[in-house]
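Colleague: Quick one, fold the following:
(one chain, ligands or ions: 1)
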Amino acid sequence: MEQRSTEGDDAAVETRGLTKRYRGGQLAVDALDLSVPRGSVFGFLGPNGSGKTTTIRMLMGLIEPTSGGARLLGEPMPRAARSVLPRVGALIEGPALYPFLTGRDNLLRYDAADPTADPRTRAPRVAAALDRVGLAAAAGKKARAYSLGMKQRLGLAAALLQPRELLVLDEPTNGLDPQGMREIRALVRELAEEGTTVFLSSHLLDEIEQVCTHAAVMAQGRLITQGTVAELAAGSRGRLAVTTPDPVDAVRVLKEHGVTDLVVLDERVSGELPVPGPGVDDAPLELADLNAALVRAGVRVRAFGAERASLEDAFVALTGEGFDVAG
Ligand SMILES: Nc1ncnc2c1ncn2[C@@H]1O[C@H](COP(=O)(O)OP(=O)(O)OP(=O)(O)O)[C@@H](O)[C@H]1O
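Modeller: Residues are numbered from 1 along each chain as shown. The predicted structure follows:
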């Protein structure tokens, strides 16, 4: 099949100025430029109400953007929905289930509604999908007897009935207990290893840190940042901590070297390392030099080190908001 060469072809998801203003006037998504590399596990992170679900619904062609556009697997949405969506598996906001049908029958029915699905392989594909999400034993139970977590798994199984190039999962671990969350994360990793690009939204930072290679952070409908998870974590500087019986001198020397927000607690002095960046002297401050400066000034250093910066530090710094840490 001939592929048109377009700018976004190497991205699994690409949005340009994607904007949604709801009828009530609420600007839910504001000029979003996302770029999700193929092969990545891309975390779409933001607190509740930041516009994640609205974005996902636009990506999948479920609602029209007010302005801007999105490409899925290089094709414009919603125009190319018919040719693209069969290559995309999605789990969006609590899947629609028939409560009176078993889990298995729900999937058989779902698959039968898909004109691209081969009926001859339906039964084994349904069995394999149930097995993958850990529902094989509960496949014969009516969906109304399923817990929220089991419903979530069934929705995921529906997305996995066929091999997909891209999976779009809206809060896939929502409603799962910690064990269930671990299982879904392991499954996401496995799918990624098989070459599927996974785009998943979450309001849980540690989840993103555990499974994602890339992430974007949303706050109030706007994109705050995107990049690899490693880059994002590196973007926040860890705090420097020095243990010394000479805290007063230590504070003076550290201040002279640009360390800010100094806090003294008995023999422990901590502070923010200066940010190297454009406009400032952009040679990063060498920790070893800082240590040497303390020693030169006669400060007795018992322990010295930068605390590891986590993605959480980065995101709190970027959004000015806390995140749920549950799970
Ligand atoms: N159909 C709608 N009509 C009007 N406003 C809406 C509609 N859907 C969402 N919103 C508003 O748009 C904003 C973004 O909501 P959205 O559901 O996209 O956020 P979210 O990040 O997915 O949050 P959550 O995780 O709670 O679903 C919110 O302020 C929400 O109240």
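Colleague: In contact with Thr208, which residues are there?
Modeller: Quick fix: residue 208 reads Ile, not Thr. Ile208 makes contacts with Gly43, Leu45, Ser202, Ala215, Val229, Leu311, as judged by Cβ atoms under 8 Å, 6 or more residues apart in numbering. All C-beta atoms are positioned from the backbone trio N, CA, C, and that covers glycine.
Colleague: what's the fourth one sitting at in phi/psi?
Modeller: Going back to what we said before, that points to Ala215. phi -150, psi 160 (degrees, to the nearest 10).
Colleague: so what's it closest to, chain neighbours aside?
Modeller: Gly43 (3.9 Å; Cβ to Cβ, 6 or more residues apart in numbering).
Colleague: That neighbour belongs to a helix?
Modeller: No - the assignment for Gly43, made by DSSP: H, G, I helix; E, B strand; the rest coil, is strand rather than a helix.
Colleague: Next one: it from the ligand, what distance?
Modeller: Applying Cβ to the nearest ligand atom, to the nearest Å, the value for Gly43 to the ligand is 13 Å.
Colleague: Residue ranges in the stretch 1-150 of the chain under the pLDDT threshold?
Modeller: Residues of the stretch 1-150 of the chain that meet the criterion pLDDT under 70 lie in 1-9, 94-95.
Colleague: For the contacts of Ile208, which single residue is the most surrounded?
Modeller: Counting neighbours by other Cβ atoms under 10 Å, Leu45 comes out on top of these with 30 neighbours.
Colleague: hmm, back to that, specify the beta-bridge partners of the residue nearest to Ala215.
Modeller: Per DSSP bridges, residues listed as beta-bridge partners of Gly43: Leu200, Ala215.
Colleague: was I right about it contacting Val229?
Modeller: Yes - with contact defined as Cβ atoms under 8 Å, Gly43 reaches Val229; the gap is 7.3 Å.
Colleague: okay, and the common contacts of the two?
Modeller: The contact lists of Gly43 and Val229 share Ile208, Cys212, His214, Ala215, where a contact means Cβ under 8 Å, 6+ apart.
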